[in-house]
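A.B. asks: Starting from these lines, generate the structure:
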Amino acid sequence: MDLSYLLGILARRKWLILATMALAALGVFFYIGSKPERYKSTVVMATGIVNYKGINSDNSDAFVQQYQVENAFSNLIEFAQSRSTIKLATIEMLQRDMAASGGNGTVKPLREPNRSLSSYSDDEWKQLFEALQKIQLDSLTDPSFSPQFDFLLDKIARAYGYDNDAILRSLSVKRKTNTDFLDIHLTTETPDLSQQLAATYAKRFLTYYFNLSVREKRKNVESYQKLASEKKAVVDSIYDLRFEYLKQKGLPVLGRQSEELVGQITKLELDRQRAYSRKQSAAESVDRLKKYEKDRESRDAREVQSRLMDRNSTADQMEKVRELRQKSVESGGKDPEIESQLNEANTELQEMLRSNARTQGKARTEEGKKTKEDLYKERVSVDLDRIDAEESYNRLNSEIYSLKNKLSGMVVNDEVSTRLQEEQNRAQYEFEKVDEELIKAKLALENAENPLTIVQNAQRPEWPEPNRQALLSIFAAIVMGTLVIIALFVLAYLDGSLQSPDLFKKYTEGLPLLGQIPAISLKGFDLEKIFSAEQGGNSYTAFRESLRKIRGQLLKSGAQVFLIASTRAKEGKTLAMLSIAHSMAFNNKRVLMIDTNFKNPLPESYTDRPTANRAILNKLMRDHGLAEVFQLKSKTVESSEPQLLDILGNTGLHQSPSELLDAAGFQAFLTDLKNHYDVILMESAALNTYSDSQELFPFADKVVAVFNANSTLGTADKESISVLRSLGDKFLGSLLTEVDEQKR
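C.D. replies: Numbers count the residues shown, from 1 in each chain. Predicted coordinates:
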């Protein structure tokens with residue numbers, strides 16, 4: 001099945017294709033034109049998906065992140081289009097319109113119910129309206145209600161056009177290219193309805209998504225609140241039990257008085273600690289001052305001793321100088337040794353005098369300025385502070401001891417009370433732990449944020465949506481044309497008919513083909529006119545030329561007796577035989593057609609025709625005993641020219657040729673006919689059904705098989721083709737009838 005064949009199919013069916021395209025375009029054009037105008041309102045919503053899971057700048061895990069982003073958007077879009085989300089919008093829209101229909105006078109209903117879409121009673125309407133008024137959508141996390149409520153909701157919502165299918169048809173939720181935004185479009189018949197429905201849907205979607213996202217946090221808060229209440233109840237029950245126990249025993253309870261005593265004891269203990277610190281500090285100061293006094297006494301003693309020693313050394317040195325000076329006077333200053341000693345003694349004396357002067361005149365430090373009396377006074381003052389601190393410390397000890405005794409008198413040293421107190425303390429500890437977790441859960445719930453935010457609210461559309469009437473009509477025409485073309489190609493592919501010479505060779509596995517006979521109209525069909533020289537029309541030209549080609553091959557074979565056979569009935573054997581006979585007759589060949597198809601004989605309008613050869617044919621039939629098999633010629637025609645075409649019909653006997661014909665006699669009959677005719681054509685019954693053809697094969701010089709181009713080959717046909725192949729050279733070839741010239 002080549003391209004030219006496919007193009008031929010389109011060429012033959014071009015008007016069908018164009019007609020269906022035109023009908024589709026017109027149908028869509030008028031259908032869209034009859035549709036009411038539609039208005040679209042849009043809400044743009046940020047999802048936070050890309051912000052939280054954006055592709056890293058280093059692109060290290062781009063594929064995984066991109067997959068996560070796309071998967072998150074797909075999940076979110078499916079959630080947005082889920083029945084639960086749409087159900088919330090349905091409930092709110094019904095709350096509004098049903099309240100408006102109820103005559104509250106504040107708002108007008110956006111839609112009136114259409115009872116033809118869904119029939120309901122007034123009681124059902126009131127029942128649903130009352131149920132809707134009790135629903136709080138802002139805190140709803142599970143839009144599951146009773147089956148009766150869902151049934152009424154769907155039933156009445158369908159009448160209002162707010163049911164799941166209606167909203168879903170009007171809704172479009174898509175990701176805005178590669179951004180973080182969702183485009184939510186809602187298209188309805190009025191601008192106000194589009195805006196209201198889009199705003200309601202976005203609000204319900206946003207709230208429902210947030211409620212689901214914090215559902216676990218709310219459950220945690222509720223769980224901790226419940227647990228905290230239980231723990232607090234345990235604490236209170238133990239406290240009440242202990243209180244009743246102590247009351248029955250007539251024992252005091254560590255209440256406000258004991259708490260005040262504890263506070264006083266705590267304060268006194270702090271004061272005692274301060275007094276003790278002050279006492280210790282004063283004692284250390286006294287010890288330090290005593291040490292200073294001892295150091296002062298030692299230093300003063302050393303200074304006195306040093307001064308005495310310096311004074312004695314100076315006096316000794318002055319005495320030494322005086323003695324040496326006396327000796328110098330006695331020697332008259334002429335003894336060098338004495339003079340040298342005198343000078344050294346004077347130098348040492350001067351040095352001692354200067355050193356003593358520096359020691360006597362050196363300023364004392366701040367500590368050194370303090371006299372022993374001052375240190376004593378200071379020590380006495382500090383010691384007084386120490387005594388005061390000790391007295392305070394002792395006094396506070398006494399007060400604390402007294403208060404503790406008083407407190408110990410208030411505390412009941414009872415095993416049951418102690419055990420209850422321990423249980424109360426343990427329960428109080430558990431309650432405080434649970435209360436801490438409750439506070440954390442509340443903070444987590446309060447700090448939870450909705451990742452979805454509305455970037456663009458629903459606006460009231462000013463103009464209706466373009467219906468694209470012309471574009472859709474063209475598209476419909478293209479689609480219809482494409483479908484028709486595909487259907488034609490599929491039918492052509494599935495069509496196993498022979499159709500053309502190429503397909504004939506393909507399906508018959510190369511069976512010889514003598515030629516093809518084009519399909520023609522049988523209205524006004526006249527072979528005499530078709531082959532006459534006066535026929536100038538072109539409608540039968542292909543038909544006539546095809547027969548001439550076949551005629552040439554038959555004559556070229558040199559055979560004189562041809563058997564025209566077919567695998568099945570109504571393949572066109574009779575028309576082929578008549579056409580070939582007339583073609584040969586117009587080629588000045590004497591032709592005799594013998595109808596040997598005893599199962600389906602030719603009508604008398606074909607066979608009972610006047611002929612100048614009546615006497616010869618009747619004589620031969622009588623001579624060979626075939627007068628009861630074939631029709632005797634009863635009419636004659638006077639003509640100066642010999643008859644070129646005769647038809648010999650049979651009497652319609654339902655017997656096979658071998659049962660009707662004597663082989664030798666029939667063969668002799670054909671031999672005698674050859675003396676009077678150039679070509680003898682015989683027609684036989686179908687090979688698939690009858691044995692007639694195979695019984696007539698021996699009497700023919702050549703066998704020609706006829707196949708119809710509109711036929712398909714079955715198993716029986718293939719078996720018959722095998723029989724034809726077995727004839728060898730006797731099988732001259734095949735004829736393909738009713739060939740569509742455009743399929744060639």
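
A.B. asks: which stretches of the stretch 551-700 of the chain form helices?
C.D. replies: Secondary structure of the stretch 551-700 of the chain, counting by DSSP state H, counting those that start in this stretch: helices at 573-585, 604-607, 614-623, 657-660, 663-674, 692-696.

A.B. asks: where does the stretch 1-150 of the chain have low pLDDT?
C.D. replies: Across the stretch 1-150 of the chain, the ranges flagged by pLDDT under 70 are 1-5, 51-64, 102-106.

A.B. asks: Mean pLDDT lowest where, among the helices of the stretch 551-700 of the chain?
C.D. replies: Of all those, the minimum mean pLDDT falls on helix 604-607 (a mean of 74).

A.B. asks: Backbone dihedrals for the most centrally placed residue in the chain, please?
C.D. replies: The chain has residue 74 as the residue nearest its centroid, 4.2 Å off, counting by Cα atoms, centre = their mean. Note on residue 74: its backbone torsions stand at phi -60, psi -40 [degrees, to the nearest 10].

A.B. asks: and it, what is it in contact with?
C.D. replies: Not one residue lies near residue 74 by Cβ atoms under 8 Å, 6 or more residues apart in numbering. Just so you know, the C-beta spots here come from the backbone N, C-alpha and C atoms, and that holds for glycine as well.

A.B. asks: all strands of the protein, in order?
C.D. replies: Using DSSP state E, the strands of the chain run over residues 39-46, 171-175, 181-188, 453-456, 513-518, 561-566, 591-595, 645-648, 679-683, 702-708, 731-739.

A.B. asks: hmm, who's touching the longest one?
C.D. replies: Under the contact criterion Cβ under 8 Å, 6+ apart, strand 731-739 has outside partners 498-501, 504, 508, 511-519, 550, 553-554, 557, 559, 562, 571-572, 575-576, 702-710, 724-725.

A.B. asks: Got a quick PyMOL command for the buried subset of those residues?
C.D. replies: Remark: buried members of these, expressed as a PyMOL selection using 16 or more other Cβ atoms under 10 Å:
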select buried, resi 498+499+500+501+504+508+511+513+514+515+516+517+518+519+550+554+557+559+562+571+572+575+576+702+703+704+705+706+707+708+709+710+724
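
A.B. asks: mean confidence for stretch 465-478?
C.D. replies: Throughout stretch 465-478, pLDDT has a mean value of 88.

A.B. asks: And for stretch 40-51, what's in contact with it?
C.D. replies: Applying Cβ under 8 Å, 6+ apart, the contact partners of stretch 40-51 are 69, 72-73, 76, 176, 179-187, 191, 194-195, 197-199, 201-202, 205-206, 451-461, 465.

A.B. asks: Residue 493: neighbour count?
C.D. replies: Residues lying near residue 493 (other Cβ atoms under 10 Å) number 10.

A.B. asks: From residue 578, how far out is it?
C.D. replies: Distance, residue 493 to residue 578, by Cβ to Cβ, to the nearest Å: 35 Å.

A.B. asks: cool, and residue 31?
C.D. replies: Separation of residue 31 from residue 578 (Cβ to Cβ) stands at 54 Å.

A.B. asks: Looking only at neighbour counts, state which of those two leads.
C.D. replies: Neighbour totals were compared for residue 31 and residue 578, and residue 578 leads with 18 against 13 (other Cβ under 10 Å).

A.B. asks: which residues sit in contact with the residue lying closest to that one once chain neighbours are set aside?
C.D. replies: Counting by Cβ to Cβ, 6 or more residues apart in numbering, residue 578 lies nearest to residue 527, which is 6.3 Å off, once chain neighbours are set aside. By Cβ under 8 Å, 6+ apart, residue 527 lies in contact with 578-579, 582.

A.B. asks: Looking at residue 527 now. What's its pLDDT?
C.D. replies: pLDDT at residue 527 comes out at 75.

A.B. asks: And it, how far from residue 614?
C.D. replies: Taken as Cβ to Cβ, the span from residue 527 to residue 614 is 21 Å.

A.B. asks: Residue 630 now?
C.D. replies: Per Cβ to Cβ, residue 630 is found 13 Å from residue 614.

A.B. asks: More neighbours: the two, which one.
C.D. replies: Between residue 630 and residue 614, counted using other Cβ under 10 Å, the more crowded position is residue 630 (23 against 17).

A.B. asks: Just give the number of residues close to the residue nearest to residue 581 when sequence neighbours are not counted.
C.D. replies: Using Cβ to Cβ, 6+ apart and skipping the chain neighbours, the partner closest in space to residue 581 is residue 591 (4.6 Å). For residue 591, the neighbour count with other Cβ under 10 Å is 23.

A.B. asks: my guess is residue 591 contacts residue 647, does it?
C.D. replies: No - using Cβ atoms under 8 Å, residue 591 is not in contact with residue 647, being 9.3 Å away.

A.B. asks: Show me where the stretch 201-350 of the chain has its helices.
C.D. replies: 215-249, 256-331, 336-361.

A.B. asks: Those: which one's closest to residue 643?
C.D. replies: Comparing the helices of the stretch 201-350 of the chain by their distance to residue 643 (Cβ to Cβ), the top pick is helix 215-249, with 106.4 Å.

A.B. asks: Which elements pack onto the closest one?
C.D. replies: Other helices and strands packing on helix 215-249, by 3 or more Cβ pairs under 8 Å, 6 or more residues apart in numbering; DSSP states H and E, are helix 415-446.

A.B. asks: can you pull the buried residues of the helix it packs on?
C.D. replies: Residues of helix 415-446 classed as buried: 417, 420-421, 423-424, 427-428, 430-431, 434-435, 438, 441 (neighbour count, 16+ other Cβ under 10 Å).

A.B. asks: In JSON lines: these, plus distance to residue 131 and pLDDT.
C.D. replies: Putting the buried residues of helix 415-446 into JSON lines (distance: Cβ to Cβ, whole Å; pLDDT from 0 to 100) gives the following:
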{"residue": "417", "distance to residue 131": "57", "pLDDT": "69"}
{"residue": "420", "distance to residue 131": "52", "pLDDT": "78"}
{"residue": "421", "distance to residue 131": "54", "pLDDT": "77"}
{"residue": "423", "distance to residue 131": "49", "pLDDT": "85"}
{"residue": "424", "distance to residue 131": "49", "pLDDT": "80"}
{"residue": "427", "distance to residue 131": "44", "pLDDT": "86"}
{"residue": "428", "distance to residue 131": "46", "pLDDT": "86"}
{"residue": "430", "distance to residue 131": "43", "pLDDT": "87"}
{"residue": "431", "distance to residue 131": "41", "pLDDT": "87"}
{"residue": "434", "distance to residue 131": "38", "pLDDT": "87"}
{"residue": "435", "distance to residue 131": "39", "pLDDT": "88"}
{"residue": "438", "distance to residue 131": "34", "pLDDT": "86"}
{"residue": "441", "distance to residue 131": "33", "pLDDT": "84"}
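
A.B. asks: shouldn't residue 576 be in contact with residue 706?
C.D. replies: Yes - between residue 576 and residue 706 there is a contact under Cβ under 8 Å: 5.1 Å.

A.B. asks: Quick check: neighbours shared by these two?
C.D. replies: Both residue 576 and residue 706 are contacted by 564, 735, 737, under the criterion Cβ under 8 Å, 6+ apart.
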